[in-house]
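A.B. asks: generate coordinates for the sequence data below:
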Amino acid sequence: MKIRIKGNSIRYRLTQSDLARLNEEGFLMERTEFAGKTLSYGIETTINRKLSADYIGDQVLISMPKDMIGQLVSTSAVGFEDKTGPVSLLVEKDFTCLDNVEEDQSDNFPNPLLTK
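C.D. replies: Residues are numbered from 1 along each chain as shown. A predicted model of the protein is given here:
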């Protein structure tokens, strides 16, 4: 799982195994270690009908409806967003890059632009 923060927007990108685990277990959490502090960011399933987020302590947690997760797993849907709160939220599949990058992309979703 990757997180991208820019201004008042947060975007999570999920690999194939991230999405499978979220669908099965209902929760994902990652950590980034700083000198003496840790930033945690995660995603959990919720019974609510829209995306929401909380920032408590040093943790960012997005709550995502189970039916949205199911659509990401079983359809060609790319992601879901919510712009109604103070922070714009986007959760999407992590596709392979079109250009050469050094990071391991073996678990990313196949980029649909490669088939065009």
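A.B. asks: what about stretch 18-32, distance to the chain center?
C.D. replies: How far stretch 18-32 lies from its chain's middle: 9 Å, per C-alpha atoms, centre = their mean, to the nearest Å.
A.B. asks: how long is it end to end?
C.D. replies: This stretch, stretch 18-32, spans 17 Å end to end (C-alpha to C-alpha, to the nearest Å).
A.B. asks: quick check: mean pLDDT across that stretch?
C.D. replies: In this model, stretch 18-32 has a mean pLDDT of 96.
A.B. asks: what of stretch 68-76?
C.D. replies: Averaging pLDDT along stretch 68-76 gives 94.
A.B. asks: now do stretch 47-65
C.D. replies: 95.
A.B. asks: just the CA atoms of it, as PDB, please.
C.D. replies: Presented in PDB, the C-alpha positions along stretch 47-65 are these (Å, rounded to 0.1, in the frame of the first residue of the first chain):
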ATOM      1  CA  ILE A  47     -20.500  -0.500   7.300                       C
ATOM      2  CA  ASN A  48     -20.800   3.200   6.400                       C
ATOM      3  CA  ARG A  49     -21.800   4.100   2.900                       C
ATOM      4  CA  LYS A  50     -18.900   6.400   2.000                       C
ATOM      5  CA  LEU A  51     -15.100   6.800   2.500                       C
ATOM      6  CA  SER A  52     -14.000   8.600   5.600                       C
ATOM      7  CA  ALA A  53     -10.700   9.300   7.400                       C
ATOM      8  CA  ASP A  54      -9.400  10.000  10.800                       C
ATOM      9  CA  TYR A  55      -6.000  11.300  12.000                       C
ATOM     10  CA  ILE A  56      -5.300  10.400  15.600                       C
ATOM     11  CA  GLY A  57      -1.900  10.600  17.100                       C
ATOM     12  CA  ASP A  58       0.500   9.600  14.400                       C
ATOM     13  CA  GLN A  59      -2.000   7.500  12.500                       C
ATOM     14  CA  VAL A  60      -4.000   8.100   9.300                       C
ATOM     15  CA  LEU A  61      -6.900   5.600   9.000                       C
ATOM     16  CA  ILE A  62      -9.300   5.500   6.000                       C
ATOM     17  CA  SER A  63     -12.600   3.600   6.500                       C
ATOM     18  CA  MET A  64     -13.900   2.100   3.300                       C
ATOM     19  CA  PRO A  65     -17.300   0.500   2.700                       C
END
